[in-house]
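Participant: structure of the sequence below:
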Amino acid sequence: MTDGPETMSIQHLQPVPHLTTVLNGPLLQIESHLLQRQAEIETWLRRQWRRTEAPFYASVDLRNAGFKLAPVDTNLFPAGFNNLNPAFMPLCIQAVQAAIEHVCPTAHRVILIPEDHTRNPHYLESLATLLDILHKAGFDVRLGSVRPELTGPEEYQAPSGRTLVVEPLERSGDELHIGDFRPCLILLNNDLASGRPPILEGVSQRVTPPVTLGWSDRLKSDHFAQYRGVAEEFAALIGIDPWLINPLHLKCGEINFMKREGEECLAANIADLLSSIRRKYEEYGVEREPYVVIKADAGTYGMGVMTARSPDDVRLLNRKERTRMAASKGGMKTSQVILQEGVYTFETWGSAQSVAEPVVYMIDHFVVGGFYRVHTRRGVDENLNAPGMFFEPLAFAESCTAPDRHLAPDAQPNRFYAYGVIARLALLAAAREMWAAAHPEETPL
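Facilitator: Here you go, the predicted model:
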C-alpha cells in the first residue's frame, strides 16, 4: 500500500504508549526468551537471509494484546517513510546501499515507479523522503510513471515544499528508460492493485519488488501460510507456543458478497476459527470474546475489512455493508477472503488512552524504524488503518535492534527489540513468499 491513509503526517508528540492489560505474562515470557536467546536468534536470522533474499523493503503492522504479539499485515510497497524518526536517516541510507548491492551490484541509476495516483499530499511527502534516502545513498534517481495517459513531465509539490517531477516511463525492446536516462534497477513503489502494466513485463533490468508481489498476483493467505511455518520454526528455536506470535487464519474459496454466493462456507469457517481461538483463550485464561477479521485476500488501503464474532455476522450484512466488502483499493473485486484471528491491541496513547499499534519498517533485512498508528475513535478490537488515524514516531526513538539485558524485559528498548524480531519474522515469510513466486515448480523452502 502506498497511496493510502497510512501515509498521513506525524501529529502531536506524546509519551510512549502504555500496555493496559493484566494479561501480560505471556508477553513478558516472550520478551525474556528473546533477551536470553538474542545471539542464537540473530544467528538464526542471518542464516535465513543467506538462504532467502529479503524483499527490498517492507512495513509490518503488529498487534500487542499482552498475551499475544503478532503481525496482522505485511506491506511490500510501503509508504509513510516521512513518519520515521529523522534520526534514523543514516541507518536508512546504509540499508538502501546494502539492498541495492544485493539486487543489482552495478546499479548507479534507478527509476522509481510511484503509485498511479500521486496527488495524495501524504503520499507525496513519503515519496519525497524515499527519494531523499536514495539520493543520499549515492544513486541517481528519477520518477517514472506507468500511467498510459501521461505524455510529459508533471510537477508536484509535497507539503514540506519539496518538488517532485514524475515523467512517462518508456520502453525500447526489453529495456525501460526515461528519455536517455537508462537505469540498472527499477524500484516499484506501486502495489499494482489495478493490474500489471504490460510495460513492466519481460524487461531486462531488475525490477524490485517483483511484479508478482503486487496485489494483481499476491494473496494475504499465501503470506500468512508462509508466516505460520516461520513462526513454528522460530517458536521451536526459543521454546514458546507458536500461537503467541502467530494469528490463526483460514482461507475461503470464491465468494460474491453482492450475490451472497459462498456465504455459508464463509460462516462455517468463521465458526471453526472462533472455536480454535476460544480453545487457546481457555488455555491461557484470556477472559475476552474471540473475534475474527475478514479481509479481502488481495488488496490494501484498509478496505474490504470487517469483524465477526459470530457466523451470523456475515449472514446479516445489509446491502451497504456488502457493497463495502465487495471491493478494495482501485476497485479490485473481492472474490476471495482470508479469515484471520482478531488480535486485540491493549497499547494506548496519551491521556485519552487512544488505541495504538506499532508499525515497523525494514529495508533489506534491517529494521530502520517505525511508529505507532493511533486512532481516537476506534476500539481495541477494531482496524486502526482507517480515516482519523495519526502517527507518533517518538515511541521508536530508540533502535529496534538494541536490547538492554540490564533492564526489565518490558523496558522500552527491549519491547522495541521484540517488535523488531517479530517484524523480521514476517519479513522472512515475505522472502519465502517471493522465492515461491519465482520458483513455482520447486519444493517450498
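
Participant: any weak-confidence spans in the stretch 251-400 of the chain?
Facilitator: Segments of the stretch 251-400 of the chain classed as low confidence (criterion: pLDDT under 70) are 258, 300-303, 326-332, 393-400.

Participant: please enumerate the strands of it.
Facilitator: 292-296, 305-308, 337-341, 347-349, 354-363, 366-375, 389-392 (DSSP state E, counting those that start in this stretch).

Participant: now mean neighbour count and distance to Leu164 too, for those strands, in a markdown table please.
Facilitator: Every C-beta, even on glycine, is put in place using the N, C-alpha and C of the backbone. Below are those laid out as a markdown table (neighbours: other CB atoms under 10 Å; distance: least, CB to CB, whole Å):
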| stretch | mean neighbour count | distance to Leu164 |
| --- | --- | --- |
| strand 292-296 | 25 | 30 |
| strand 305-308 | 18 | 30 |
| strand 337-341 | 24 | 35 |
| strand 347-349 | 23 | 31 |
| strand 354-363 | 26 | 20 |
| strand 366-375 | 25 | 22 |
| strand 389-392 | 22 | 21 |
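
Participant: so which of the ones you listed is nearest Arg228?
Facilitator: strand 337-341 (11.4 Å; CB to CB).

Participant: which outside residues touch the closest one?
Facilitator: 72, 219-221, 224, 247-252, 255, 266, 269-270, 273, 276-277, 290, 292-297, 304 (CB atoms under 8 Å, 6 or more residues apart in numbering).

Participant: could you pull out the helices in the protein for me?
Facilitator: Ranges of helices in the chain, per DSSP state H, are 25-36, 38-51, 89-103, 121-136, 220-238, 263-284, 312-315, 319-325, 412-438.

Participant: and the average pLDDT for the fourth one is what?
Facilitator: By that I understand helix 121-136. Averaged across helix 121-136, pLDDT comes to 96.

Participant: who does that helix touch, helix- and strand-wise?
Facilitator: With contacts defined as 3 or more CB pairs under 8 Å, 6 or more residues apart in numbering; DSSP states H and E, helix 121-136 has these neighbours: helix 89-103, strand 109-113, strand 140-145, strand 163-168.

Participant: now do the contacts for Trp243.
Facilitator: Lys68, Lys280.

Participant: one more: the one 3 residues further on?
Facilitator: Remark: with contacts taken as CB under 8 Å, 6+ apart, Asn246 is in contact with Ala70, Tyr227, Arg228, Ala231, Glu232, Ala235.

Participant: for the residue nearest to the fourth one when sequence neighbours are not counted, report the pLDDT, please.
Facilitator: The one in question is Ala231. If the residues on either side of it in the chain are set aside, Ala231 comes closest to Asn246, at 3.9 Å by CB to CB, 6 or more residues apart in numbering. pLDDT recorded at Asn246 is 98.

Participant: what is the neighbour count of the closest residue to Leu134 other than its chain neighbours?
Facilitator: Nearest residue to Leu134, sequence neighbours excluded (CB to CB, 6+ apart): Val141, at 4.7 Å. Val141 is flanked by 20 other residues according to other CB atoms under 10 Å.

Participant: what's the spacing between Val141 and Ala87?
Facilitator: 23 Å (CB to CB, to the nearest Å).

Participant: same question for Pro114.
Facilitator: 26 Å.

Participant: the two: who's more crowded?
Facilitator: Pro114 (28 against 13).

Participant: contacts only, for the more buried one.
Facilitator: Contacts of Pro114 by CB under 8 Å, 6+ apart are Thr2, Tyr123, Leu127, Leu143, Ser145, Val166, Asn189, Asn190.

Participant: could you identify the buried members of the residues you listed?
Facilitator: Thr2, Tyr123, Leu127, Leu143, Ser145, Val166, Asn189, Asn190 (16 or more other CB atoms under 10 Å).

Participant: from the centre of the chain, point out the most distant residue.
Facilitator: Asp180 (34.8 Å; CA atoms, centre = their mean).

Participant: and the pLDDT at it?
Facilitator: The model's pLDDT for Asp180 equals 97.

Participant: against Arg142, how distant is it?
Facilitator: 11 Å.

Participant: picking up where we left off before, in a markdown table: the helices of the chain, plus distance to Gln353.
Facilitator: What follows is those, written out as a markdown table (distance: least, CB to CB, whole Å):
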| stretch | distance to Gln353 |
| --- | --- |
| helix 25-36 | 19 |
| helix 38-51 | 32 |
| helix 89-103 | 31 |
| helix 121-136 | 26 |
| helix 220-238 | 30 |
| helix 263-284 | 23 |
| helix 312-315 | 27 |
| helix 319-325 | 28 |
| helix 412-438 | 18 |
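
Participant: to Val359, which of the ones you listed lies closest?
Facilitator: Among those, if distance is taken as CB to CB, the winner is helix 412-438, at 8.8 Å.

Participant: in stretch 250-257, what's buried?
Facilitator: So, applying 16+ other CB under 10 Å, buried residues of stretch 250-257: Leu250, Lys251, Cys252, Ile255, Phe257.

Participant: contacts for it, please.
Facilitator: By CB under 8 Å, 6+ apart, the list of residues contacting stretch 250-257 reads 221, 261-263, 265-266, 269, 272-273, 297, 317, 322-323, 325-326, 334-339.

Participant: do the same with stretch 283-297
Facilitator: 23, 26, 67, 72, 219-221, 251, 266, 270, 273-274, 277-278, 280-281, 303-309, 314, 325, 328, 332, 334, 336-342, 344, 381, 383.

Participant: quick one on the thing from earlier: which of the contacts of Asn246 count as buried?
Facilitator: Buried, going by 16+ other CB under 10 Å: Ala70, Tyr227, Arg228, Ala231, Ala235, out of those.

Participant: name the nearest of those relative to Val96.
Facilitator: Tyr227 (25.1 Å).

Participant: so who does the closest residue to the closest one other than its chain neighbours touch?
Facilitator: In space, and not counting its chain neighbours, Tyr227 is closest to Ala429: 3.8 Å by CB to CB, 6+ apart. Listed by CB under 8 Å, 6+ apart, the contact set of Ala429 reads Thr74, His223, Phe224, Gln226, Tyr227, Gly229, Val230.

Participant: same question, Gln226
Facilitator: With CB under 8 Å, 6+ apart, Gln226 has these contacts: Ala429, Ala430, Arg432, Glu433, Ala436.

Participant: for Ile238, same thing?
Facilitator: His33, Leu34, Arg37, Glu40, Ile41 are the contacts of Ile238 under CB under 8 Å, 6+ apart.

Participant: does the last one really touch Leu34, like I thought?
Facilitator: Yes: distance between Ile41 and Leu34: 6.5 Å, which falls inside the contact criterion (CB atoms under 8 Å).

Participant: who touches both of these two?
Facilitator: What both Ile41 and Leu34 touch, as defined by CB under 8 Å, 6+ apart, is the set Ile238, Val421.

Participant: hang on, the earlier thing: and Ala423, which of the strands of the stretch 251-400 of the chain is closest to it?
Facilitator: Closest among the strands of the stretch 251-400 of the chain, using CB to CB: strand 354-363, at 3.7 Å.
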